[in-house]
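J.: this one's sequence-less:
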């Protein structure tokens with residue numbers, strides 16, 4: 001079956017200017033969310049949106065200043081939060097984070113694994129299984 005032809009300009013004019021993300025009321029209320037790489041860009045946006053919907057935000061970033069800035073921004077929204085300066089691409093960093101969470105009895109309900117780790121830039125088809133670990 002052939003799809004009707006729609007001019008490109010019409011499609012572009014009908015697109016919303018901002019993404020529309022909606023949650024059921026109370027869906028994230030009291031949930032503890034861990035977001036890796038949340039100091040900027042997509043991770044930071046996810047943290048703000050989830051905090052606005054009642055989640056407690058725990059997050060990681062490599063940069064101390066970005067962690068503190070996001071903590072303050074989330075506090076302005078009255079969101080309970082805590083940032084951890086951790087390199088999630090390293091096993092040592094992950095062990096450090098897990099130890100803190102365990103020692104402080106922080107049980108995570110939702111994990112947003114936002115950190116993208118790419119050891120070598122190359123075509124997807126050329127990535128070896130060992131490089132995924």
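T.: Cool, got the structure. What you are looking at is a predicted structure, and each value in this text was computed from that prediction instead of being measured. Residues are numbered from 1 along each chain as shown.
J.: low pLDDT regions in the protein?
T.: 1-23, 117-120, 124, 131-133 (pLDDT under 70).
J.: Helix or strand: which one has the residue nearest the centre of it?
T.: The residue at the geometric middle of the chain, judged as the C-alpha nearest the mean C-alpha position with CA atoms, centre = their mean, is residue 43 (3.4 Å). Under the assignment given by DSSP states H and E, the secondary-structure element containing residue 43 is helix 41-52.
J.: circling back: show me the contacts for the residue nearest to the centre of the chain.
T.: For residue 43, the contacting residues are 35, 36, 37, 59, 61, 112, 114, 115, taking CB atoms under 8 Å, 6 or more residues apart in numbering as the criterion. C-beta coordinates here come from the backbone N, C-alpha and C atoms, glycine included.
J.: quick one: which of those sit in strands?
T.: Within the contacts of residue 43, membership in strands is found for 35, 59, 61, 112, as judged by DSSP state E.
J.: And the last one, how close does it get to residue 91?
T.: What that stands for is residue 112. Here residue 112 is placed at a distance of 20 Å from residue 91 (CB to CB, to the nearest Å).
J.: So between these two, which is more surrounded?
T.: Set side by side, residue 112 and residue 91 show more neighbours around residue 112, with 18 against 9, by other CB atoms under 10 Å.
J.: beta partners of the residue nearest to that one when sequence neighbours are not counted?
T.: Closest residue in space to residue 112, ignoring its immediate chain neighbours: residue 35 at 4.3 Å, by CB to CB, 6 or more residues apart in numbering. Beta-bridge pairing for residue 35 (DSSP bridges): residue 59, residue 112.
J.: picking that back up, and of the contacts of residue 43, the nearest to residue 79?
T.: Each of the contacts of residue 43 was scored against residue 79 by CB to CB, and residue 59 proved nearest at 11.0 Å.
J.: so what's the closest one up against?
T.: Contacts were defined as CB under 8 Å, 6+ apart; by that measure residue 59 touches 34-36, 38-39, 43, 47, 67, 70, 81-84.
J.: returning to what we had before: ok, so what distance separates the residue nearest to the centre of the chain from residue 54?
T.: Counting by CB to CB, the gap from residue 43 to residue 54 is 19 Å.
J.: what's the answer for residue 112, then?
T.: Shown here: residue 112 relative to residue 54, a distance of 16 Å by CB to CB.
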